[in-house]
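S.K.: Need coordinates for the below:
(2 chains)
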Amino acid sequence: MPRPELQAPPEIFYNDTEARKYTTSSRIVEIQARISERALELLNLPDDGVPRLLLDIGCGSGLSGEAMTENGHHWIGYDISQSMLNVAVEREVDGDLLLADMGQGLGLRPGVIDGAISISAVQWLCYADKSSHEPRMRLKAFFGSLYRCLARGARAVLQLYAENMDQSTMILTCAMRAGFGGGVVVDWPHSSKAKKAYIVLTCGPPSAQAWLPKGKGEDGEMCTDSDEDSDDENETVGMYDRSRPRKKMKVNKKGRGRAWVLKKKEQMRKKGNVVPPDTKYTARKRKARF
Amino acid sequence: MRLLTHNMLSSNVKGVVNGFPLRLEASSWVEKEVEFNADFLRSMFPKIDWPALAGAAQKIGYAALPDTADATMLESEDFLKKFHHALLEIHVEEGALVCPESGRRFPINKGIPNMLLNEDEV
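M.R.: Below you'll find the predicted structure:
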């Protein structure tokens, strides 16, 4: 299954059927809830019980917003897919929703937002879906407007699935150019399945407070079964698919081997087909001069 | 969309210098009760553009807000209640936001403003 980013632009990929999966699949709901809970933790908001105004960029059907609502915060959600927002409206999420393209900038007043999270969304900016799209310019517009709208010292936590190193470097470079400080926090770095990368960005000049939190499981601690079990490799929400790739047949230099040919012939015989008898010549290669 | 969000949004159209505040044209709105939290209101107050909030509330027919406000008024429970109602409990369902400079209309459908720009507006 190729990455959803390679199949279609987000506003087309997340159509009604794809959006419907978000209300029906309990697995997606659980994974999204866990990631957004962790992102909220990384935001490191002051623990004084005062609700904050947060952003959810790529909010989709509002699954990640639910974590913020549970913690009492108010939020504004951005998404480019009308179908996903329709699902969010159906689910009666508490935040405000905006149909907008983050690559065009967020369009908010400066310094008003206390924090931003984004779950599996920013990597979409790395793909040019229209002739007018220039990934670097779109990333610049996004990070520039994000930097402007955040209050001093506020944080942005972006969880993303980068396709390769180049992509994550490009995203991080663009963030640094916009003025952000920070870096990448990787949870469960030793596990291929449960591994999650979060870009933690701090707005404002570097200070003693701008420390990076440690990723879970960095010091050799192993993730629990529940973390490992429920997280498949293709757990990006869009990558969700029931059909698995076919098992590859074992092929070595000599072909599939005599045992395989004999097995196939036996199967054909059982079906009642006329099959030549097995001899010493069965599954032998022809001579080159033939 | 609540007036809280309206108060934060500004027009993003290319070439617009001051896209705030967006003119609100509401044809339908609903009121939903939200839990009152004085701390949130006090922390939000300095970030709110008061004339924009009062103006938007008036458009929707909620005229209880004073034209100007300062931090001393936050002591009054009555003022906080009104502030809370205007900021968080009024949801604009249908209508449009209009950029004050370019006149570009952003339609609001089912409570979701459509802020998507055309290619030539980026």
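S.K.: got the contact list for residue 62?
M.R.: No chain was given, so I picked chain A. By CB atoms under 8 Å, 6 or more residues apart in numbering or on different chains, the residues touching A:Gly62 are A:56, A:77, A:87-88, A:91, A:93, A:95, A:97. (Glycine included, C-beta is placed from N, CA and C.)
S.K.: actually chain B
M.R.: With contact set as CB under 8 Å, 6+ apart, B:Tyr62 has these partners: B:85-86, B:90.
S.K.: Could I get the full set of helices for the stretch 151-290 of chain A?
M.R.: A:165-177, A:225-230, A:258-271 (DSSP state H, counting those that start in this stretch).
S.K.: mind checking which of the ones you listed is nearest B:Phe20?
M.R.: B:Phe20 sits nearest to helix A:165-177 of all the helices of the stretch 151-290 of chain A, at 25.2 Å, using CB to CB.
S.K.: Now do the buried residues in the closest one.
M.R.: If you call a residue buried by 16 or more other CB atoms under 10 Å in any protein chain shown, then helix A:165-177 has these buried ones: A:167-168, A:170-172, A:174-175.
S.K.: quick check, nearest of the contacts of A:Gly62 to A:Val275?
M.R.: A:Val87 (55.3 Å).
S.K.: Using PDB, write out every CA atom in the host helix or strand of the closest one.
M.R.: Assignment of secondary structure by DSSP states H and E places A:Val87 within helix A:82-90. Output of helix A:82-90 as PDB, limited to C-alpha atoms (Å, rounded to 0.1, in the frame of the first residue of the first chain):
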ATOM      1  CA  GLN A  82     -14.600  19.100   3.700                       C
ATOM      2  CA  SER A  83     -15.600  15.400   4.200                       C
ATOM      3  CA  MET A  84     -13.400  15.100   7.300                       C
ATOM      4  CA  LEU A  85     -14.900  18.300   8.700                       C
ATOM      5  CA  ASN A  86     -18.400  17.100   8.000                       C
ATOM      6  CA  VAL A  87     -17.600  14.000  10.100                       C
ATOM      7  CA  ALA A  88     -16.300  16.400  12.800                       C
ATOM      8  CA  VAL A  89     -19.600  18.400  12.700                       C
ATOM      9  CA  GLU A  90     -21.500  15.100  13.000                       C
END
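S.K.: Near chain A, which residues of chain B are found?
M.R.: Taking CB under 8 Å from any CB of the partner chain, the part of chain B that reaches chain A is made up of B:1-2, B:4-5, B:7-12, B:19-20, B:37, B:39-40, B:43-44, B:47, B:49, B:88, B:110-117, B:119, B:122.
S.K.: that older thread, filter the contacts of B:Tyr62 to the buried ones?
M.R.: Neighbour-count burial (16+ other CB under 10 Å) is assigned, among the contacts of B:Tyr62, to B:85-86, B:90.
S.K.: Would you state the strands of chain A in chain order?
M.R.: Using DSSP state E, the strands of chain A run over residues A:53-57, A:74-79, A:96-99, A:113-119, A:150-159, A:181-187, A:196-202.
S.K.: just for chain A, where's the confidence low?
M.R.: Flagging of chain A using pLDDT under 70 yields the residue ranges A:1, A:205-211, A:218-254, A:290.
S.K.: Can you find the residue of it that comes nearest to chain B?
M.R.: In chain A, the residue that lies nearest chain B is A:Gly107 (3.4 Å; CB to the nearest CB).
S.K.: Next, count neighbours for the closest residue to that residue other than its chain neighbours.
M.R.: By the measure of CB to CB, 6 or more residues apart in numbering or on different chains, the closest residue to A:Gly107 outside its immediate chain neighbours is B:Asn12, 3.4 Å from it. The burial metric for B:Asn12, expressed as a neighbour count using other CB atoms under 10 Å in any protein chain shown, is 23.
S.K.: residue contacts, B:Asn12?
M.R.: So B:Asn12 contacts A:104-107, A:145, B:19, B:115, B:117 (CB under 8 Å, 6+ apart).
S.K.: Among those, which one has the most neighbours?
M.R.: Within the contacts of B:Asn12, A:Leu106 tops the neighbour count with 27 neighbours, counted by other CB under 10 Å.
S.K.: For the helix or strand harbouring B:Glu25, what does the pLDDT average out to?
M.R.: Taking DSSP H and E as the definition, one finds B:Glu25 inside strand B:23-31. For strand B:23-31, mean pLDDT is 91.
S.K.: Against which helices or strands is it packed?
M.R.: helix B:50-59, strand B:90-98 (3 or more CB pairs under 8 Å, 6 or more residues apart in numbering or on different chains; DSSP states H and E).
S.K.: Rebuild the ones you listed as JSON lines, extending it with distance to A:Ala151 and mean pLDDT.
M.R.: Formatted as JSON lines, the helices and strands packed on strand B:23-31 follow (distance: least, CB to CB, whole Å; pLDDT from 0 to 100):
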{"stretch": "helix B:50-59", "distance to A:Ala151": "18", "mean pLDDT": "91"}
{"stretch": "strand B:90-98", "distance to A:Ala151": "24", "mean pLDDT": "93"}
